[in-house]
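S.K.: any chance you can model this:
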Amino acid sequence: MNALDFDHLVVMVRDQLAALAPLFQQDGYCLTDVSVHNLGSINRLITLDSTYIELLGWPPGKPPARKEIADSPVGLEALVFRAVDAHQTYEQLKRQGFDVNPVQRLERPLQIQDKTHTARFDTVRFATQPIAGFRVYFCQHLTPELIWFDDAMRHANEAEGLDNIVIKSSQPQTTAQVLSALTNQPFSTLQGNSYEIRLANIRLMVQLDPSEPGARIAQASVVHGNGRTSGFDTHLGNP
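M.R.: You can find the predicted model right below:
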């Protein structure tokens with residue numbers, strides 16, 4: 001399996017999508033319309049050059065429809081890597097010894113220029129998460145043209161792409177090793193018990209935090225067309 005690209009960063013908003021989404025719009029991000037998955041969750045996207053940020057939750061006043069996100073707190077919640085062939089990714093992960101679920105189809109309707117379309121994805125998720133503290137899964141886009149289209153990528157703040165994602169871990173080398181195995185990309189050792197994995201479209205940095213019981217996605221940064229880099233998680237309670 002070749003090294004995988006990063007696909008998207010999941011931001012859990014639970015039942016607060018309507019309250020939190022305008023804060024990101026005020027920061028100059030263009031958000032897609034609310035869309036409902038066939039599994040019951042709802043989302044809005046911040047679409048970037050080769051990745052996107054997904055604001056994920058469920059309708060207010062209703063219980064979460066998806067068990068795997070029911071207990072997730074608000075904040076940076078999951079790393080999603082791009083599968084070229086979800087079924088091959090599933091077989092590869094099984095051979096590596098990961099506790100992986102069979103390929104699952106995910107769909108959601110959306111409107112583009114007053115026409116209704118169905119975005120379709122094949123996803124590979126884990127029965128037991130490979131890194132305690134946040135979710136990881138894989139996504140094969142069956143309809144990428146319904147995600148990356150011009151109107152969705154026009155941000156008033158000139159946002160272009162994700163740059164760095166920082167992960168804090170009490171065992172950073174072990175966390176880096178697992179991410180390396182998942183992405184089929186080697187990790188490098190930096191100073192201060194820090195490690196990095198460079199994918200084609202993003203850099204993952206794993207840093208020591210002895211106070212962490214496991215690991216967490218601590219920070220994400222976005223590159224803008226004017227050369228500025230900004231932290232994405234300012235409205236989510238992340239340091």
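S.K.: going by C-alpha atoms from here, please, whenever you check contacts or count neighbours.
M.R.: OK.
S.K.: now do the buried residues in the longest helix along the chain.
M.R.: The residue-count maximum for a helix in the chain (DSSP state H) belongs to helix 172-183. By 16 or more other Cα atoms under 10 Å, the buried positions in helix 172-183 come out as 172, 173, 175, 176, 177, 179, 180, 182, 183.
S.K.: now, which of those sits nearest residue 208?
M.R.: Residue 208 lies nearest to residue 172 out of the buried residues of helix 172-183, by Cα to Cα, at 5.5 Å.
S.K.: okay, the closest one: pLDDT?
M.R.: Looking at residue 172, its pLDDT is 97.
S.K.: does it touch residue 208 like I think?
M.R.: Yes - the criterion here is Cα atoms under 8 Å, and residue 172 meets it with residue 208 at 5.5 Å.
S.K.: mutual contacts of these two, please.
M.R.: Between them, residue 172 and residue 208 share these contacting residues under Cα atoms under 8 Å, 6 or more residues apart in numbering: 193, 194.
S.K.: helix or strand for residue 223, which one?
M.R.: strand 215-224 (DSSP states H and E).
S.K.: contacts for that strand?
M.R.: 76-78, 131-134, 157-171, 175, 229-233, 238-239.
S.K.: and the residues you listed, which of them are in helices?
M.R.: Those of the contacts of strand 215-224 lying in helices (DSSP H): residue 175.
S.K.: for PyMOL, what selects the buried ones among the contacts of strand 215-224?
M.R.: Selecting only the buried entries of the contacts of strand 215-224 in PyMOL, with 16+ other Cα under 10 Å as the criterion:
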select buried, resi 76+77+78+131+133+134+157+158+159+160+161+162+163+164+165+166+167+168+169+170+171+175+229+232+233
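S.K.: please name the bridge partners of residue 116.
M.R.: Beta bridges link residue 116 to residue 111, judged by DSSP bridges.
S.K.: quick one: neighbours of it, just the number.
M.R.: The number of residues packed near residue 116 is 10, by other Cα atoms under 10 Å.
S.K.: what's the answer for residue 67, then?
M.R.: Neighbours around residue 67, by other Cα under 10 Å: 9.
S.K.: just want the phi and psi numbers for it.
M.R.: Phi and psi for residue 67, reported as degrees, to the nearest 10, are phi -60, psi -30.
S.K.: then residue 101?
M.R.: According to degrees, to the nearest 10, residue 101 has phi -90, psi 160.
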